[in-house]
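Enquirer: model the structure of this input:
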Amino acid sequence: MNWRVLSIGAVVTLPLVALLASGFGRDPKLRSNALEGRQAPAFSLKTLSGEPFSLASVKGKPVVLNFWSTWCQPCKIEHPVLMGAAESYGPAGVQFVAVLYQDEPAKAQAFLNRSGAHWPTLADPGGRTAIAYGVAGVPETFFIDKDGRIVRKVSGPVSQAIMVTTLEQML
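Expert: Model (predicted):
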C-alpha cells in the first residue's frame, strides 16, 4: 500500500467532507438575505399565457414576488396563504407575482386551474431571474416596496403572520 497516496487523499478529502458537513443541520430559512434593502433586480418575462410582464410595469406598487414549483410540497402548503393575501391586499394596490422555478409551464397551469391564482405567473426560461434574486430553492418570497427596494425575503413557506405583518408595514 502506498501510504503517500493515502496521505494526499486524506489531506484533500477530509477538509472537503468537513466543509460539506458544516452545512448539515442549518435552517434553510436562514439563507442569505443580502438583497434586503437593495433595489430589486429588474426583469421582463412572459406569463404562462404568453403575455409580457416586467417589474418596471408595476413600479409605484408594493410587490409580493414568489418563486415556486409544482413539485414543491411547501409551495402547495403556502398557496392558500398567498391566495388569501392577494384577495385582501390586492384591492389595496399590492401586486402579487409568481415566477415558476425549474418546472414545466403546462404542469403549473394545471395546478393553477385547480387551485386558483389572483396574480400573473411567469415562466423563467434558463432561470435567469431566479439567479438574479439568488434563489437557492423554493418557495422563496420577496417583498418589494413601492420604490422597488426589497424589504424582506422569506425562504420556505411564508406564514400568514409574516405576510400580514410585512404587508401592513409596506402599506
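
Enquirer: assign a three-state SS to residue 85, would you?
Expert: helix (DSSP: H, G, I helix; E, B strand; the rest coil).

Enquirer: wait, doesn't residue 81 sit right on residue 154?
Expert: No - counting by Cβ atoms under 8 Å, residue 81 stays clear of residue 154, with 10.7 Å between them. The C-beta positions use only the backbone N, C-alpha and C, and glycine is treated the same way.

Enquirer: from residue 140, how far out is residue 155?
Expert: 5 Å (Cβ to Cβ, to the nearest Å).

Enquirer: the residue nearest in space to the middle of the chain and residue 171, how far apart?
Expert: With distances taken as Cα atoms, centre = their mean, residue 140 lies nearest the centre of the chain, 2.7 Å away. Going from residue 140 to residue 171 by Cβ to Cβ gives 22 Å.

Enquirer: now residue 124
Expert: 28 Å.

Enquirer: between these two, point out the one with more neighbours.
Expert: Legend: neighbour count by other Cβ atoms under 10 Å for residue 124 and residue 171, higher for residue 124 (21 against 12).

Enquirer: report how many residues lie close to the closest residue to residue 59 other than its chain neighbours.
Expert: Residue nearest to residue 59 in three dimensions, not counting chain neighbours: residue 148, with 6.2 Å by Cβ to Cβ, 6 or more residues apart in numbering. For residue 148, the neighbour count with other Cβ under 10 Å is 18.

Enquirer: in which helix or strand does residue 158 reside?
Expert: Counting by DSSP states H and E, there is no helix or strand that carries residue 158.

Enquirer: residues contacting it?
Expert: Going by Cβ atoms under 8 Å, 6 or more residues apart in numbering, residue 158 touches 66, 78, 81-82, 139, 141.

Enquirer: mind listing the strands for this structure?
Expert: 44-47, 52-54, 63-68, 95-100, 121-123, 140-144, 150-155 (DSSP state E).

Enquirer: for the third one, what is the average pLDDT?
Expert: Spelled out, that is strand 63-68. Average pLDDT, strand 63-68: 98.
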